[in-house]
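Student: Structural data only, the sequence is not supplied:
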């Protein structure tokens with residue numbers, strides 16, 4: 001999923017603001033935390049994009065030519081994505 005810099009910044013601010021406002025975390029240096037949150041969100045979306053691309057390549061390489069949008073394609077997409085995510089683990 002492609003997110004603009006503005007959207008990433010918005011999500012990072014919202015997340016940190018809620019953590020702070022609901023007393024779930026103390027954030028002594030908000031600007032540093034914001035930078036780290038932006039990097040985390042950006043790396044998370046990049047990981048998802050790479051996973052998506054690899055799953056699509058796998059499905060496209062099948063000999064039977066599964067059509068995107070079909071029920072079979074959806075099942076394969078979900079299965080391959082879960083398998084790759086599990087194999088790579090949380091860090092990617």
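Tutor: Structure received. All of these numbers come straight from a predicted model, not from anything done at the bench. Residues are numbered from 1 along each chain as shown.
Student: all contacts plus neighbour counts: C-alpha atoms, from now on.
Tutor: Will do.
Student: In which helix or strand does residue 35 reside?
Tutor: Taking DSSP states H and E as the criterion, residue 35 maps to helix 30-60.
Student: what about that helix, distance to the chain center?
Tutor: 5 Å (CA atoms, centre = their mean, to the nearest Å).
Student: Buried ones in that helix, by neighbour count?
Tutor: Residues of helix 30-60 classed as buried: 34, 37-38, 41-42, 46-48, 51-52, 55-56, 59 (neighbour count, 16 or more other CA atoms under 10 Å).
Student: And the pLDDT at residue 48?
Tutor: Note on residue 48: pLDDT of 88.
Student: same thing with residue 3?
Tutor: 85.
Student: okay, now residue 23: neighbour count?
Tutor: 10 (other CA atoms under 10 Å).
Student: Low-confidence regions, this protein specifically.
Tutor: 1, 90-92 (pLDDT under 70).
Student: In contact with residue 76, which residues?
Tutor: Residue 76 makes contact with residue 59, according to CA atoms under 8 Å, 6 or more residues apart in numbering.
Student: got the buried residues for the host helix or strand of it?
Tutor: Using DSSP H and E, residue 76 sits in helix 71-88. Neighbour counts using 16+ other CA under 10 Å place 73, 76-77, 80-81 of helix 71-88 among the buried residues.
Student: One more: stretch 10-21?
Tutor: 11-13, 16-17.
Student: centre of the chain versus that stretch, how much separation?
Tutor: Per CA atoms, centre = their mean, the centroid offset for stretch 10-21 relative to its chain is 18 Å.
Student: which helices and strands sit right next to the helix holding residue 35?
Tutor: helix 5-21, helix 71-88 (3 or more CA pairs under 8 Å, 6 or more residues apart in numbering; DSSP states H and E).
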